[in-house]
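S.K.: Attaching a predicted model along with its sequence, questions to come.
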Amino acid sequence: LTKVRGDGVQGMSLLSTSTALTLDANGRVTKPFQLIAHTYFTSSSADGAYAASTSRNGLVIKPNASYVDVGSMYNSSTGRYTVPIAGKYVAVMSGSQYNSGVNNYHMVHIRNNGNIQKTYYNSLQSGSSSWTHMEAFTIFSCSANDYIDFFNSCDGATSGSDKGGFDVNRYTAFAVYLLA
């Protein structure tokens with residue numbers, strides 16, 4: 001269904017009174033139900049955070065809070081962003097990685113169904129500060145119910161190693177959203 005108004009077209013209503021898509025007179029589109037999950041750490045002891053004792057390295061990063069989660073994609077118990085419909089999805093992270101116990105490098109793997117699609121590597125410089133900033137993104141073609149996650153690795157260490165870890169609150173964030 002469409003409704004034409006002086007300031008644009010409002011279209012495709014759901015079975016309820018909610019509007020799924022609006023196109024204004026300038027061609028701008030808003031989609032309030034667009035799939036997106038934007039997560040972060042509020043606790044420094046969450047898996048992947050800088051004070052998570054032995055759960056900082058060689059594991060799936062599990063932010064424990066979300067700014068927004070339209071479509072309920074994110075599961076903080078597993079660290080997975082499960083996509084409900086097929087499409088192209090963007091996965092992005094930006095944050096500060098703690099250098100405690102790290103000698104050479106930080107890596108973040110962005111994975112689809114446990115398979116690495118992109119690896120982002122940050123080599124530590126001699127005399128570097130105690131924090132290193134990292135940014136990473138990739139685009140996935142996903143089927144319905146695929147999952148995306150972020151995997152943390154420092155110096156090639158094994159699971160549970162007491163190395164690295166991300167900062168909390170506004171310093172580190174992870175997001176997955178439907179592009180097309």
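M.R.: Happy to help now that I have it.

S.K.: Is R170 in a helix, a strand, or coil?
M.R.: helix (DSSP: H, G, I helix; E, B strand; the rest coil).

S.K.: which ones are touching F150?
M.R.: Residues near F150 by Cβ atoms under 8 Å, 6 or more residues apart in numbering: 48, 60-61, 79, 91, 93, 108-111, 174. Bear in mind the C-beta positions are built from the backbone N, C-alpha and C, glycine included.

S.K.: Distance check, it against H106.
M.R.: From F150 over to H106 the distance is 12 Å, taken as Cβ to Cβ, to the nearest Å.

S.K.: what's the answer for A175, then?
M.R.: Applying Cβ to Cβ to A175 and H106 gives a distance of 19 Å.

S.K.: These two: who's more crowded?
M.R.: A count of neighbours by other Cβ atoms under 10 Å puts H106 above the other of A175 and H106, at 25 against 20.

S.K.: Work out for me the element the more buried one sits within.
M.R.: Per DSSP states H and E: H106 is located in strand 105-112.

S.K.: List of residues touching that strand?
M.R.: Against strand 105-112 from outside (Cβ under 8 Å, 6+ apart): 61, 91, 93, 97, 116-124, 132, 134, 136-138, 140, 142, 146-155, 164.

S.K.: switch to 6 Å and redo it
M.R.: Residues external to strand 105-112 that are found in contact with it (Cβ atoms under 6 Å, 6 or more residues apart in numbering): 91, 97, 116-123, 136, 138, 140, 148-151, 153-154, 164.

S.K.: Pretty sure F41 sits against I61.
M.R.: No: with contacts counted by Cβ atoms under 6 Å, F41 stays clear of I61, the gap being 8.9 Å.

S.K.: Of these two, give the one with the bigger neighbour count.
M.R.: Legend: neighbour count by other Cβ under 10 Å for F41 and I61, higher for F41 (28 against 25).

S.K.: Right, I'll call it a day here.
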